[in-house]
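Chemist: I'll drop the sequence and a predicted model, then ask my questions.
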Amino acid sequence: MRYLSFLLLALFANLNIFGQDITEKLRLANAALTRLEQQRQQLSDKIELLKLEKIQEDLDLVGLPGIQPGEQLVRHSALVLDYSEKFEQARWVAHIITPDVTSGTVFRTNDFRPDEKVSTGSAVEEDYFLKKMKADSTWEYDGFGYDRGHLAPSADFRWSKIALSESYYYSNMSPQLADFNRGSWGDLEDAIRGYLFRNPKTQLYVVAGPLLEDGLPRIERGKNKVSIPKMYWKAVLDLTNHKAIGFMMPNENITRPLNTFAVSINDIEKATGLDLYNKLPVALQEECESQYNAAEWLPFINNADAEPLPQDKLARNHFNTTLAKQWSGRQDIVNVCGKVVGARLSKAGNVLINLDKQFPNTVFTVFVKKENIINFNYDLVEVLKGKVICVKGKVNDLNGTPVMYIQSQNDISVQE
């Protein structure tokens, strides 16, 4: 009995030692993993800084517009601007939309703040609204009727925390009517980013600004009495493919299609007196700056988008893309039908199919994960373009857009 007890004690002792040994190994492995993650983050931060340096280099290579007397050139990591103290806003802001924007995961920070690099002092919050703390510790806002409209949109920088945060300097803001800022101006910004999804091997050189001129009205209640522009403009250059376009839009509630505001960069230069992309060879400037083919930049104007299918013509338990959203997040198995207006293979190897509306105005997406593509005996991207299809499954939500994940050919039917 004593011998058995001795054996049991020895066994427990060994187990204890063994347990300590494994615990120590786990501790060391986790410590090593932490160090690797720190090294990875350090390397990622270094890559981000190098990309920002490259943006500055590339902006200088194509040529920045000139600075008028009494105005100041201000450089931030991802954008350069000409600040006009007279109008308390930038005359122009230049930046680059890189292919990284298509996979960026940094989103709005809303850290609006004065730009300390503006030597005369930039606009401030009190130029757009006043606020005071109420007794219940909530804020009461007194707005002046204008949005803080971005000239270089924050979403263009969603690949970099540094760049995105910089887009919230008041030097990058201009007073825009809400209907304009949240309507056509925002639609134009989305459309320009959408160009990179279709052309992922290029980058876009963008210069945008208000049309500043004497006699503009001002926000009289604001601290610095910021001028209110009547017009805004945007110039975009794809140097890789020698394509370019400009847009000039009034600061109002716009109901006309975006393509009706397309102009050449030459037209913008005449209106603003600026010389854009002035370091490019003369022949290349002439080639690019005379273009205004909106169809290459706004593909949805080519009738590529489709109206939702008539709901009353669809079979039972079949729904058009307009009604698809009401099934989002539910467990019901339904059929959603529409016309394929866009299909692409993502960097991760997944297939994304848009019904009825192209990016960035997507209303319904069909998602096939890369491991499930083998379950289809045809090329999803090529075969389905332009076809009317119905997909069967559960409707989920992907960043506000209804999406259905399908796994096999049985989940999709092409309508004749």
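Modeler: Cool, got the structure.
Chemist: Let's verify Asp338: helix, strand, or coil?
Modeler: To be clear, residue 338 is Gly; Asp isn't right here. Secondary structure, DSSP: H, G, I helix; E, B strand; the rest coil: Gly338 is strand.
Chemist: how much space is there between it and Phe364?
Modeler: When CB to CB, to the nearest Å is the yardstick, Gly338 and Phe364 sit 6 Å from each other. For every residue, glycine as well, the C-beta is placed using N, CA and C.
Chemist: Overlap of the contact sets of those two?
Modeler: For the pair Gly338 and Phe364, residues contacting each of them under the criterion CB atoms under 8 Å, 6 or more residues apart in numbering are Thr321, Leu355, Asp356.
Chemist: which residues does the last one contact?
Modeler: What it means is Asp356. Applying CB under 8 Å, 6+ apart, the residues near Asp356 are Asp305, Ala306, Glu307, Pro308, Asn320, Thr321, Gly338, Lys339, Val341, Val363, Phe364.
Chemist: Isn't the first one up against Leu355?
Modeler: No - the pair Asp305 and Leu355 does not pass the contact test of CB atoms under 8 Å, sitting 10.3 Å apart.
Chemist: any common contacting residues for the two?
Modeler: Val341.
Chemist: Between those two, point out the one with more neighbours.
Modeler: Here Asp305 and Leu355 are set side by side on neighbour count (other CB atoms under 10 Å), and the busier one is Leu355, at 30 against 17.
Chemist: before we move on, the earlier item: for the shared contacts of Gly338 and Phe364, which one is nearest Asn372?
Modeler: For Asn372, the closest of the shared contacts of Gly338 and Phe364 turns out to be Leu355, at 18.4 Å, with distances computed as CB to CB.
Chemist: Please name the residues that touch the residue nearest to the spatial centre of the chain.
Modeler: What sits nearest the mean C-alpha location of the chain, by CA atoms, centre = their mean, is Ala155, with 3.5 Å. Each residue near Ala155 by CB under 8 Å, 6+ apart is listed here: Val101, Glu189, Asp190, Arg193.
Chemist: Mind picking the lowest-pLDDT entry from the shared contacts of Gly338 and Phe364?
Modeler: The weakest per-residue confidence within the shared contacts of Gly338 and Phe364 falls on Asp356 (90).
Chemist: so how far is Ser167 from that residue?
Modeler: Relative to Ser167, and taking CB to CB, Asp356 is found at 31 Å.
Chemist: Could you do Arg27 as well?
Modeler: 43 Å.
Chemist: Could you check which of those two has the larger neighbour count?
Modeler: Ser167 (27 against 10).
Chemist: Spatially nearest residue to the more buried one (excluding sequence neighbours)?
Modeler: Excluding its sequence neighbours, the residue lying closest to Ser167 (CB to CB, 6 or more residues apart in numbering) is Ser154, at 4.3 Å.
Chemist: for Gly186, same thing?
Modeler: The shortest distance from Gly186 to any non-neighbouring residue, by CB to CB, 6+ apart, is to Pro153 (7.9 Å).
Chemist: roughly how far apart are the one you found and Leu237?
Modeler: 17 Å.
Chemist: more crowded one of these two?
Modeler: Counting neighbours by other CB under 10 Å for Pro153 and for Leu237 shows that Leu237 has the greater number, 28 against 23.
Chemist: Was I right to think that one contacts Gln291?
Modeler: No - taking contacts as CB under 8 Å, Leu237 lies outside contact range of Gln291: 9.7 Å.
Chemist: Tell me how many other residues crowd Glu126.
Modeler: As a burial measure, the neighbour count of Glu126 was computed by other CB under 10 Å and equals 14.
Chemist: Please report phi then psi for it.
Modeler: Here the main-chain torsion angles of Glu126 (degrees, to the nearest 10) amount to phi -70, psi 0.
Chemist: can you list the residues that contact stretch 363-379?
Modeler: Residues outside stretch 363-379 that contact it (CB under 8 Å, 6+ apart): 321-322, 324, 336, 338, 348-357, 380, 389, 391, 398, 401-409, 412.
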